[in-house]
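Chemist: The sequence isn't on hand, but the structure is:
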């Protein structure tokens with residue numbers, strides 16, 4: 001009777017301990033996810049302001065989690081259908097790997113939109129400088145020349161100049177409005193244009209000649225950048241091939257020799273080897289991207 005009571009007491013204590021441990025783990029993950037969500041929303045809202053996207057960052061955070069969970073489910077189903085053997089450890093490993101891989105995808109897509117928008121702005125800046133130079137030669141002021149660019153229907157440069165003129169009309173000093181535009185766009189070419197305009201306003205320099213020289217410099221810089229992108233295209237493609245080939249090979253081997261791959265997924269040593277290989281592949285991918293990313 002005493003041993004039975006001790007067994008019941010031990011079971012109750014074990015249940016309470018398991019419940020407390022589960023509560024602690026759940027609370028830890030809730031706090032971690034809350035901090036990650038807060039930081040994600042803060043950083044994403046700043047990026048949205050830069051590319052002028054009118055989407056609440058909270059929606060993007062929820063969409064990111066939904067895409068990650070959906071990709072985990074699709075990865076589990078795909079790998080399960082590709083192989084004849086399946087196990088719980090394999091499904092958990094594949095789900096976690098797919099979740100981690102797809103979690104930063106929306107952020108990278110937003111950065112891709114920002115980069116594409118910046119390239120398009122720099123391409124349009126050359127024509128804008130020529131237009132402003134012609135307007136100044138015709139007798140217009142610098143404000144009227146900027147207004148002419150803002151009235152054109154060329155995105156994104158017309159939108160940015162329109163915001164600049166709206167700030168000036170609302171009473172923001174010209175220098176501050178121009179500095180806000182430089183910070184918003186983060187374009188090295190436009191920063192040179194801003195410095196030239198402010199210097200000419202203070203010293204009375206000839207802006208038409210400066211705009212023409214800046215236009216020629218931007219044109220040459222774009223030509224060199226295009227040449228570099230063409231020369232490094234093969235290296236960038238190799239980075240993606242090197243990064244994806246091991247996982248494609250793992251998927252094929254899971255279909256051809258499922259017994260051999262089960263030894264990796266059902267043992268701690270195998271999972272550690274796959275994790276270490278993934279880290280090395282990621283480092284190699286970043287190294288190749290660093291080599292092919294030439295800043296001019």
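Modeler: Yep, that arrived. Computed from a predicted model, the values in this text were never measured in an experiment.

Chemist: Buried residues of stretch 133-146, list them for me.
Modeler: Within stretch 133-146, the residues scored as buried using 16 or more other Cβ atoms under 10 Å are 133, 135-136, 145-146. In short, each C-beta sits where N, CA and C put it, glycine included.

Chemist: what about that stretch, distance to the chain center?
Modeler: Counting by Cα atoms, centre = their mean, to the nearest Å, stretch 133-146 is centred 38 Å from the centre of its parent chain.

Chemist: Could you give the average pLDDT over that stretch?
Modeler: Across stretch 133-146, pLDDT averages out at 83.

Chemist: Quick one: end-to-end distance for that stretch.
Modeler: 10 Å (Cα to Cα, to the nearest Å).

Chemist: next one: stretch 257-275
Modeler: With Cα to Cα, one end of stretch 257-275 sits 20 Å from the other.

Chemist: Going along the chain from the lowest-mean-pLDDT helix or strand in the chain, find the next helix or strand for me.
Modeler: None of the helices or strands of the chain scores lower by mean pLDDT, DSSP states H and E than helix 2-51, at a mean of 52. For helix 2-51, the following helix or strand on the C-terminal side (DSSP states H and E) is helix 57-82.

Chemist: For that next one, buried residues please.
Modeler: Going by neighbour count (16+ other Cβ under 10 Å), the buried part of helix 57-82 is 57, 60-61, 64-65, 68, 71-72, 75-76, 79.

Chemist: And for stretch 273-288?
Modeler: Neighbour-count burial for stretch 273-288 [16+ other Cβ under 10 Å]: 274, 278, 281, 285, 288.

Chemist: and of those residues, the nearest to residue 119?
Modeler: residue 288 (21.6 Å; Cβ to Cβ).

Chemist: Okay, the closest one and residue 214: tell me how far apart.
Modeler: Distance, residue 288 to residue 214, by Cβ to Cβ, to the nearest Å: 34 Å.

Chemist: now the helices for the protein?
Modeler: Taking DSSP state H, the helices of the chain run over residues 2-51, 57-82, 88-102, 105-137, 142-151, 157-169, 174-185, 188-203, 207-231, 233-256, 258-265, 268-292.

Chemist: weakest of the ones you listed by average pLDDT?
Modeler: The weakest mean pLDDT among the helices of the chain belongs to helix 2-51, with a mean of 52.

Chemist: so residue 106 sits right up against residue 67, yeah?
Modeler: Yes - with contact defined as Cβ atoms under 8 Å, residue 106 reaches residue 67; the gap is 6.9 Å.

Chemist: where's the most centrally placed residue in the chain relative to residue 64, distance?
Modeler: Among the residues of the chain, residue 108 comes closest to the average C-alpha position under Cα atoms, centre = their mean, at 2.4 Å. Distance, residue 108 to residue 64, using Cβ to Cβ: 11 Å.

Chemist: Residue 115 now?
Modeler: Taking Cβ to Cβ, one finds residue 115 at 19 Å from residue 64.

Chemist: And the contacts of stretch 217-235?
Modeler: Applying Cβ atoms under 8 Å, 6 or more residues apart in numbering, the contact partners of stretch 217-235 are 122-123, 125-126, 129, 189, 192, 288, 291-294, 296.

Chemist: Which of the residues you listed are buried? Put it as a PyMOL command.
Modeler: Of those, the buried ones go into a single PyMOL selection, burial set by 16+ other Cβ under 10 Å:
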select buried, resi 122+125+126+129+189+192+288+292
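
Chemist: got CSV for the contacts of stretch 217-235, with distance to residue 94 too?
Modeler: Listed next are those as CSV, based on distance: Cβ to Cβ, whole Å:
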residue, distance to residue 94
122, 42
123, 43
125, 47
126, 49
129, 53
189, 46
192, 50
288, 26
291, 31
292, 30
293, 31
294, 37
296, 42
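
Chemist: quick one: which two of the contacts of stretch 217-235 are the most distant?
Modeler: For the contacts of stretch 217-235, the farthest-apart pair by Cβ to Cβ is 129 and 288; their separation is 35.9 Å.

Chemist: Would you pull up how far stretch 250-258 lies from the middle of the chain?
Modeler: Worked out by Cα atoms, centre = their mean, stretch 250-258 lies 32 Å from the chain centre.

Chemist: got the buried residues for stretch 112-129?
Modeler: Buried residues in stretch 112-129, defined by neighbour count with 16+ other Cβ under 10 Å: 114, 117-118, 121-122, 124-126, 128-129.
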